[in-house]
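[1] just coords:
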């Protein structure tokens, strides 16, 4: 098994978990009417989860045969309540021969309450956090079949995830003179985040022969990561006034080629080729040690089956 490594170790005994959920959904479809079809639906989810267990913390060399001292053991508990509502709507038009046009929208609202308590002498804490999430996702697309053996698909997609965190209680709870004092830093330091994505995707499916099928695809994706934080003023160079910051940005161009052959009835061969042109940038507080990442990734997968 090798020699133990000096450091921090966490372990947990069996955890008692109580979980309840109630789900309600409804949907409907209108049409077709002159080529138009409309579908919509919603789903409501109420969930509650209570957990309790024993956490062991030890600093030093691991000694499985020796139980940790009592002051390294704490009874932790958490309670989570979640109420969410999700809506979906699709509008589809098929009034043009060999063509389909569609628009889709998805929305989700969620309110979550999370209470966590660890009364341990080491890093003990008490935290009560409320989360409000508002997600939205929109897609515009089309499918064209100009020839029996040729089809073209394309869509544009926009999505936005917006979360706000309200840390009503975030304090130390370790029995020391600092008991009840505010906790500074991660994770309650983060009070909001936002992910905004723009995506365009298209692919051409061509089958020149009954035994040969090809697929050529392209996808562009751009995602911005925005984080909102509390202010921190403790006299270090890392102090921040808080507020929103562009925490990161991801851009990718992905090209793909898929070839599928069935030269004989019992033999099937496939080749998937992909090329990724990606770039990732993160906030660096003007530190030149943190640079952007730009990379090219090539992937080739070959496969075959014989029956």
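    It's in. Everything numeric here is computed off the predicted structure, so don't read it as measured data. Numbering: from 1, shown residues only.
[2] show me what the helix or strand hosting residue 295 is packed against.
    In the assignment (DSSP states H and E), residue 295 maps to strand 293-306. Contact here means 3 or more C-beta pairs under 8 Å, 6 or more residues apart in numbering; DSSP states H and E; on that basis strand 293-306 packs against strand 267-282. Placement of C-beta: from N, CA and C, glycine included.
[3] tilt between the strand it packs on and strand 293-306?
    Angle, strand 267-282 to strand 293-306, by axes from the mean of the first three to the mean of the last three C-alpha atoms, to 10 degrees: 170 degrees.
[4] sheet-wise, list the partners of strand 267-282 with their directions.
    strand 243-264 (antiparallel), strand 293-306 (antiparallel) (DSSP bridges).
[5] deepest-packed of those, please.
    Stretch with highest mean neighbour count among those: strand 243-264 (a mean of 15; mean count of other C-beta atoms under 10 Å).
[6] what's next to that strand, contact-wise?
    With C-beta atoms under 8 Å, 6 or more residues apart in numbering as the test, strand 243-264 has contacts from 192-193, 203, 211-229, 231, 268-283.
[7] can you check stretch 278-293 too?
    Contact with stretch 278-293 is made by 238, 245-253, 294-297, as judged by C-beta under 8 Å, 6+ apart.
[8] who does residue 201 bridge with?
    Beta-bridge partners of residue 201, counted by DSSP bridges, are residue 155, residue 219.
[9] for residue 32, give its distance to residue 240.
    Per C-beta to C-beta, to the nearest Å, residue 32 is found 56 Å from residue 240.
[10] now render the strands paired with strand 267-282 as CSV, adding mean pLDDT and distance to residue 108.
    Formatted as CSV, those follow (pLDDT from 0 to 100; distance: least, C-beta to C-beta, whole Å):
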stretch, mean pLDDT, distance to residue 108
strand 243-264, 93, 22
strand 293-306, 93, 31
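[11] which of those strands sits closest to residue 107?
    strand 243-264 (22.8 Å; C-beta to C-beta).
[12] let me see the contact set for the closest residue to residue 247 other than its chain neighbours.
    Spatial nearest neighbour of residue 247, excluding adjacent residues (C-beta to C-beta, 6 or more residues apart in numbering): residue 227 at 4.2 Å. By C-beta under 8 Å, 6+ apart, residue 227 lies in contact with 190, 192, 193, 194, 244, 245, 247.
[13] dump the residue contacts of residue 144.
    98, 99, 151, 152, 153.
[14] try it again with 10 Å
    Shown in contact with residue 144 (C-beta atoms under 10 Å, 6 or more residues apart in numbering): 96, 98, 99, 100, 101, 150, 151, 152, 153, 154, 204.
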